[in-house]
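Participant: Sequence first, predicted model second:
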Amino acid sequence: MNLAIVRTANGALDIRGYNVQEIGLAKGLIKLGFNVDLYSTFKDVTAEKTLLKQGDFSINLIPIKGMAFKQVTFYPGLLKRLSCKNYDVVQIHDDSQLMGPFIAAEAKKQAIKTVLYQGMYTNYKGAGRVYQWFFDSLLKKKLQNNIDVIFAKTTKAKQYLEKKGFAGISLLPVGLDFKDQYVYADQASLDHFTKAFDNTFLYLGKLEPRRDLTFVLNVFKELVHSKNKNLGFVIVGKGPDALKLRQLVNAYDLKGRVLFIEQVANNQVAQIYKSCDLFILPSHYEIYGMVVLEALHNGLPVVSTKTAGPLDILNENYLGRLVDFDLSTWVATLDELLTSNLLTKEYAEQRTHYVANNYSWDVIATSYTNML
């Protein structure tokens, strides 16, 4: 079977990134007898190339060029390129992509099955509201009329589509790509830091207002100074809030308790997780939250705000907690977890098995084919 995954979102895809969703799904599907062509803008890929070949089946990267302004993207010639190939299935992403309705209509005209894989669960905000109104008024119906199969990554994404009049939506979560991992290059320094504390928190991701680390530093300050907890905090990532966070560490008298790591190689990330005790994700908006799966797979319980991915993933107490953005609630929740038995090796192994059994790309790919 021949499948085209068409990614028209603004921003180039880095195929060297950790757990790229389109490639993870493609790897699962070629084991099930699919040839997969991935259309996207890419970093460092300028010509068609085969990424992976397995028996008679392969994953091929097909770069596309176009015009983009914020949410609005347009790729001249893309429809013609798709129509020249003998595809059985064409998959697009998210309901508000400008090219989506046209790709679906062209595929339907050629009797090709069309798939919408939805992650977004709120309308565009700010200046994007104008575009959202335009799209919903003029193009939403065209998309609805030409989509055969709809997958939603989360319950919130499913509810979002249902409110817009889409029907027959199946839940299909994102998977995790279990790659070989290696020792963190500066493991000795990390070990030296964590050994000074009874427990160590971890955050990994972009340092930006959406991921509210300023809020968490206030929580951390309360636990250290008011609850007298001997805690460390490892913050991995870069972003616009980096300087402000370093300043707050000094202002809150937390120097020596917070370790900033700007960047870790993808194949060393697991060692960072395994060196810490508890993962935190204070996010205002999270389409999925791949770091939640990564943390659980590496044994850590997760404390997260109630965004789309964590709401579906953290469905048992041994996996972690879902918490509103409230200082006293976060302090009490983390205090409770630190004195519970959830940090034991037994529960760490259960979290690892939970992800392996439910969120591998092989499992997701099998569900995908069964629901086509």
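Facilitator: Cool, got the structure.
Participant: I'd like the distance from stretch 264-283 to the chain centre, please.
Facilitator: Chain-centre distance of stretch 264-283: 15 Å, with CA atoms, centre = their mean, to the nearest Å.
Participant: Show me which positions of it end up buried.
Facilitator: For stretch 264-283, burial by neighbour count (16 or more other CB atoms under 10 Å) applies to 264, 269-273, 275-283. All C-beta spots, glycine's among them, are computed from the backbone N, C-alpha and C.
Participant: Tell me the gap between the lowest-mean-pLDDT helix or strand in the chain and the middle of its chain.
Facilitator: When each helix and strand of the chain is scored by mean pLDDT, DSSP states H and E, strand 67-69 comes last, with a mean of 85. Counting by CA atoms, centre = their mean, strand 67-69 is centred 23 Å from the centre of its parent chain.
Participant: Quick one: residues in contact with that strand.
Facilitator: 10, 73-76 (CB atoms under 8 Å, 6 or more residues apart in numbering).
Participant: So for the residue positioned nearest the centre of the chain, what's the nearest residue that isn't a sequence neighbour?
Facilitator: The residue lying closest to the centre of the chain (CA atoms, centre = their mean) is M290, at 3.7 Å. If the residues on either side of it in the chain are set aside, M290 comes closest to N19, at 5.6 Å by CB to CB, 6 or more residues apart in numbering.
Participant: and the one you found, backbone torsions?
Facilitator: Main-chain dihedrals, N19, degrees, to the nearest 10: phi 60, psi 60.
Participant: cool, D37 as well?
Facilitator: phi -100, psi 120.
Participant: try the one 5 residues further on
Facilitator: Summarising the backbone geometry of F42 under the convention degrees, to the nearest 10, its torsions are phi -130, psi 150.
Participant: circling back: partner strands of the least confident helix or strand of the chain and their direction?
Facilitator: Here strand 67-69 is paired, per DSSP bridges, with strand 72-74 (antiparallel).
Participant: Now do the helix or strand hosting V291: which elements does it pack against?
Facilitator: V291 is part of helix 290-297 when elements are defined by DSSP states H and E. In terms of contacts (3 or more CB pairs under 8 Å, 6 or more residues apart in numbering; DSSP states H and E), helix 290-297 is packed against strand 199-204, helix 269-274, strand 278-281, strand 302-304, helix 308-313, helix 345-358.
Participant: Generate a markdown table for those, with distance to K156 as supplementary columns.
Facilitator: Shown next, in a markdown table, are those (distance: least, CB to CB, whole Å):
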| stretch | distance to K156 |
| --- | --- |
| strand 199-204 | 22 |
| helix 269-274 | 26 |
| strand 278-281 | 15 |
| strand 302-304 | 14 |
| helix 308-313 | 4 |
| helix 345-358 | 18 |
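Participant: so how far is N250 from the closest residue to N357 other than its chain neighbours?
Facilitator: Excluding its sequence neighbours, the residue lying closest to N357 (CB to CB, 6+ apart) is V363, at 7.4 Å. Distance of V363 to N250, computed by CB to CB, to the nearest Å: 46 Å.
Participant: Which of the two has more residues huddled nearby?
Facilitator: V363 (16 against 10; other CB atoms under 10 Å).
Participant: So that one, which state does it fall into?
Facilitator: helix (DSSP: H, G, I helix; E, B strand; the rest coil).
Participant: Surely it is in contact with V355?
Facilitator: No - between V363 and V355 there is no contact under CB atoms under 8 Å: 10.1 Å.
Participant: mind listing what the closest residue to T307 other than its chain neighbours touches?
Facilitator: Leaving aside its sequence neighbours, T307 sits nearest to E286 (CB to CB, 6+ apart; 3.6 Å). Neighbour list for E286: 304-305, 307-310 [criterion: CB under 8 Å, 6+ apart].
Participant: switch to 7 Å and redo it
Facilitator: 307-310 (CB atoms under 7 Å, 6 or more residues apart in numbering).
Participant: Rebuild those residues as a markdown table, extending it with pLDDT.
Facilitator: Shown next, in a markdown table, are the contacts of E286 (pLDDT from 0 to 100):
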| residue | pLDDT |
| --- | --- |
| T307 | 95 |
| A308 | 94 |
| G309 | 95 |
| P310 | 96 |
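Participant: ok, now which ones touch the residue nearest to A356 when sequence neighbours are not counted?
Facilitator: Distances taken as CB to CB, 6+ apart put H297 closest to A356, at 7.0 Å, once the chain neighbours are dropped. Taking CB under 7 Å, 6+ apart, we find H297 in contact with 176, 352, 355-356.
Participant: and of the contacts of strand 67-69, the nearest to N228?
Facilitator: N10 (47.5 Å; CB to CB).
Participant: I figured the residue nearest to M290 hits G175, correct?
Facilitator: No - using CB atoms under 7 Å, N19 is not in contact with G175; the gap is 8.2 Å.
Participant: So between those two, which is more surrounded?
Facilitator: G175 (25 against 19).
Participant: Was I right to think the more buried one contacts W361?
Facilitator: Yes - G175 lies in contact with W361 (CB under 7 Å); the separation is 3.8 Å.
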